[in-house]
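In: how would this look folded up:
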Amino acid sequence: MNNLPPPHAIIRFGVFELDSAKRELHKQGFKVRLQEQPFQVLQILLEHLGEVVTRQELQRRIWPSDTFVDFDRGLYNAIKKLREALGDSAESPRFIQTLSRRGYRFIGSVTGVNGTSRTEEGASTEEARVPARSRPLYRRLAIGAVLFLAIVATLFGFDVGGVRQRWLTRASTPAIHSLAVLPLQNLSGDPAQEYFSDGMTDALITDLAQIASLKVISRTSTVQYKQTKKTLPEIARELNVDGIVEGTMQRAGDRVRITAQLIHGPSDKHIWANSYERDVGDMLAIERAVTQEIASQIQARVTTQHAASLQQPRPVNPKALEAYLQGNYHLNRQGRGGGDEEKRKAAECFQQAIDADPNFAPPYNGLANAHSSLLWPSIQDAKIARTAAERAVELNPTFSDAWVTLGRLMLWSWDFRTAEDELRRAVALNPNNALAHDILSQFLYDIGRFDEGWRESEITQELDPNQGHLMVALDFRRDYDRAIAWLLMMLKSDPDNGYFHHNLFRSYAAKGMYEEAIQELEKAISLFGFQESAARMHRAFAISGYRGAMQQYAQELEHLAARKQVWVPVNLAEVYAALGEKDRAFYWLEQAYTHHDIVAAATGLGLEMINVDPMMDPLRSDPRFKDLLHRIGLSP
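Out: Numbering: from 1, shown residues only. Prediction:
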C-alpha cells in the first residue's frame with residue numbers, strides 16, 4: 001500500500017498537486033478553486049490510498065456534529081464538486097471510485113514532490129525523447145492531432161447536435177436489459193418506519209416495471225437482500241440482472257428524503273445517483289422522478305400507455321398514503337404463514353386509506369387482497385373483495401395488480417372466460433408483473449392447457465427467481481423429485497415460509513416419504529399459528545404412524561372449521577382421499593361446492609384445481625368426481 005507523504009508535503013497525482021500546508025489544489029501550476037469539505041474528502045482519501053474509506057469514517061472526520069440528512073446531502077455535494085474539480089466522473093473514474101454500499105477509494109497514482117513517473121519500460125518521463133530524425137513527421141502529426149482535438153473539443157464543448165451526450169452515454173453506460181431494486185435502507189433511526197421504506201421500494205419496482213424492454217425482478221425475490229452482506233456482483237449473479245438500484249430513505253415528520261443510485265451489477269460500476277426531498281404526500285412524485293431518470297440513463301423506452309401517469313402522478317393525502325403503506329406491511333407478512341390477525345390489520349389500514357382519499361386506487365386493491373386471503377372468510381368478505389377490486393380498476397384502468405386481483409377472484413368463482421381476459425389484460429399492462437404471470441399459469445393448468453401454463457411459469461420464475469414458481473407445475477406433472485429440489489432450495493433462503501413447508505409435505509407424501517412429509521406438515525401448521533395442532537399430530541405419528549397422523553390432521557382441520565378459525569374444505573377432501581375414505585372426501589368437496597361464493601383461502605386449493613391436483617387421484621374413477629367437474633365447468 002502507498003503511504004501519504006508528511007502533512008507539509010506536496011502530493012502529486014496526474015496533472016494535480018495538493019499542498020496540504022497551504023490547503024490548496026493546483027492543476028499544472030494554476031490554483032483550482034475547491035471548497036473546504038471537498039478538500040477534506042480528498043485529503044482523507046489520499047491518507048488511505050487504494051483502501052475503501054467508508055461513509056461512516058467520512059462522517060466522523062468531516063461532519064461529526066451534523067444531522068444525518070445534512071451529512072447525506074453534504075457528502076453527495078462534496079464528492080460531486082471534487083470530481084468536477086478533478087475532471088473525474090463516477091462512470092469512468094480516474095481518481096475517485098465509488099464502491100456502492102461501502103464508500104469511496106482513491107485509485108490514482110501518487111508521488112511526492114521529487115517523485116518521477118516511469119514509462120512502461122522503466123525510463124523516467126524526463127528520459128523519454130523523440131528521435132531527431134522523426135521530429136518533422138512528429139511535428140506534422142502533432143499539428144494534425146491538435147487540429148482534430150480542437151474540432152472534437154468544439155463539438156463536445158457546445159454539444160453540437162448532441163454529440164457529446166450521445167458519445168459519452170454510449171461510451172460510459174454499460175448495457176442494462178434487466179434490473180433489480182434492493183430494499184431501501186431505513187435511515188430514520190426508527191424501526192417503526194420500516195413499512196415506509198418497504199412501501200417506497202415496492203412503488204419503485206412497480207413503476208420501473210413499466211419500462212418496455214426491461215426485465216424487472218419481483219419484490220418477493222429482492223426482499224431477501226435486505227441488510228445483506230453480499231456484494232452487488234454476487235446479487236446480480238444470483239438474480240441474473242445487469243442493473244441494481246439501491247438507496248436510502250429518511251423521514252422526519254412530514255418530510256421524506258430518498259437517495260437512489262443505479263449500479264451496473266456485474267462490474268459494480270456506478271452509473272447514476274441522485275437525492276430527493278419532498279413532503280410525504282409527494283412520495284409518488286419522487287418515485288416517478290427516480291423511474292424517469294433511470295429510464296433515461298439506460299436509454300429505455302417508457303411504454304406509451306404509461307407515459308402520462310409517470311409524468312403526472314396525482315397528489316396523495318399523506319394520511320391515506322401512511323395507512324396504505326402500513327396495510328401493505330401487514331399484508332406482506334402473510335406470505336410467511338400466520339393466521340388472520342395480520343390480514344385483518346391490513347384490511348383496517350386499507351379502509352383508513354380509502355376514507356382519507358376515496359380516489360386513491362391502490363388501497364382498494366389491498367383491501368380486496370386482504371379480504372380474499374383469510375383462513376376463515378365469509379360471504380361478506382367475498383363481496384368486499386369483489387367490490388374493492390372493481391373500484392380499483394375503475395379508478396385506474398392501467399393498474400395491472402388490480403386486474404390480477406379481479407382475475408383471480410373470477411377464477412375462484414369459476415368464471416373462466418372472464419378470468420383469462422382480465423389476467424391477460426394484467427400481463428399486457430405490465431409484462432414484468434410476476435404475480436400476473438403466476439396466476440395466469442395457475443388458470444391455464446386448471447383448465448388443462450399445460451404447455452401454455454408451463455411457459456407462464458417459466459416467465460414468472462425468471463421475474464421472481466428466489467421463489468419456487470415451477471414447483472406447482474412440477475407437482476401437477478408428478479415430477480416430485482424436481483419439486484422437492486426446488487422447495488429445499490427455496491427454504492434455504494426463506495426457512496419460515498409456511499407455504500413452502502406445506503408444498504414439501506405434499507411432494508414427500510406422494511413419494512411415500514411419510515416421516516419427512518409429517519415433519520414438514522407440522523412445521524407448516526406451526527407457522528400458520530396452530531402449534532398445539534402440530535404437537536398432537538407429532539404424537540399421533542409416534543403412536544400410529546403416517547395414517548394416524550393424517551387422521552389427526554383431518555380431525556384438527558374439522559375442529560378448526562367448527563370453531564370458525566380455518567375453512568379449507570378441499571384440503572380436508574385431499575386428506576380423506578389419501579386415507580381411502582371416499583365418502584368423507586366427497587362430503588367436503590360438496591361443502592366446497594355449496595359455499596363456493598366464499599372466497600377460497602390462500603392456504604388451500606380451490607375446486608378449480610381439482611382436475612389437476614395429484615392428491616385427488618384416488619377419486620377420479622368415481623362418478624361423483626366427474627359430475628362435480630361438470631358442475632364446476634371443467635368438463636363438457
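In: per-residue confidence averaged over stretch 262-275?
Out: Mean pLDDT, computed over stretch 262-275, is 85.
In: what's the first-to-last distance across that stretch?
Out: In terms of Cα to Cα, to the nearest Å, the two terminal residues of stretch 262-275 are separated by 12 Å.
In: cool, stretch 439-458 as well?
Out: With Cα to Cα as the measure, the first residue of stretch 439-458 is 13 Å from its last.
In: So what's the gap between it and the chain middle?
Out: 24 Å (Cα atoms, centre = their mean, to the nearest Å).
In: now swap in stretch 569-587 and tell me
Out: Between the centre of stretch 569-587 and the centre of its chain there are 39 Å (Cα atoms, centre = their mean).
In: What's the mean pLDDT across that stretch?
Out: Rounded to a whole number, the mean pLDDT of stretch 569-587 is 94.
In: Determine the longest helix present in this structure.
Out: Taking residue count as the measure and DSSP state H as the definition, the longest helix of the chain comes out as helix 531-562.
In: Show the residue spans covered by the helices in the stretch 251-400 of the chain.
Out: Taking DSSP state H, counting those that start in this stretch as the criterion, the stretch 251-400 of the chain contains helices spanning 283-297, 304-311, 318-332, 341-356, 361-371, 379-395, 400-412.
In: follow-up on the earlier one: by contact count, what packs against the longest helix of the chain?
Out: Contact partners of helix 531-562 among helices and strands, from 3 or more Cβ pairs under 8 Å, 6 or more residues apart in numbering; DSSP states H and E: helix 514-527, helix 569-579. Backbone N, C-alpha and C define where each C-beta goes, glycine included.
In: for the ones you listed, which one ends up most surrounded?
Out: Each of the helices and strands packed on helix 531-562 was given a mean neighbour count from mean count of other Cβ atoms under 10 Å, and the largest, a mean of 24, is that of helix 569-579.
In: Which neighbouring elements make contact with it?
Out: helix 531-562, helix 582-594.
In: low-confidence ranges in the stretch 451-600 of the chain?
Out: Along the stretch 451-600 of the chain, the model assigns pLDDT under 70 to residues 598-600.
In: could you redo the last one with a cut-off of 50?
Out: Within the stretch 451-600 of the chain, the stretches with pLDDT under 50 are 599-600.
In: and if you look at the stretch 301-450 of the chain?
Out: Under the criterion of pLDDT under 50, the regions of the stretch 301-450 of the chain flagged as low confidence span 301-311, 335-337.
In: All the helices of the stretch 1-150 of the chain, residue numbers only.
Out: Secondary structure of the stretch 1-150 of the chain by DSSP H, counting those that start in this stretch: the helices cover 36-47, 55-62, 68-86, 135-158.
In: Which of those helices has the lowest mean pLDDT?
Out: Set side by side, those give their lowest mean pLDDT on helix 135-158, at a mean of 52.
In: any idea how far Lys230 lies from Gly498?
Out: If you measure Lys230 against Gly498 using Cβ to Cβ, to the nearest Å, the figure is 26 Å.
In: Kindly report the domain assignment for the protein.
Out: The record, using automatic domain parsing to delimit domains, assigns the chain the ranges 10-111, 134-172, 178-313.
In: Let me know the pLDDT of the spatially most central residue of the chain.
Out: When Cα atoms, centre = their mean is applied to the chain, the residue found nearest the centroid is Arg219 (3.2 Å). Looking at Arg219, its pLDDT is 87.
In: got a list of what the residue lying closest to Ile107 once chain neighbours are set aside touches?
Out: Leaving aside its sequence neighbours, Ile107 sits nearest to Gln97 (Cβ to Cβ, 6 or more residues apart in numbering; 4.9 Å). For Gln97, the contact set (Cβ atoms under 8 Å, 6 or more residues apart in numbering) comprises 104-107.
In: Redo those as a markdown table? Include pLDDT, neighbour count and distance to Glu522.
Out: Formatted as a markdown table, the contacts of Gln97 follow (pLDDT from 0 to 100; neighbours: other Cβ atoms under 10 Å; distance: Cβ to Cβ, whole Å):
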| residue | pLDDT | neighbour count | distance to Glu522 |
| --- | --- | --- | --- |
| Tyr104 | 89 | 24 | 51 |
| Arg105 | 88 | 18 | 51 |
| Phe106 | 88 | 23 | 56 |
| Ile107 | 84 | 15 | 55 |
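In: From those, pick the one nearest Gly529.
Out: Using Cβ to Cβ, Tyr104 comes nearest to Gly529 of the contacts of Gln97, at 47.3 Å.
In: can I assume the closest one is in contact with Val53?
Out: Yes: counting by Cβ atoms under 8 Å, Tyr104 touches Val53, with 5.6 Å between them.
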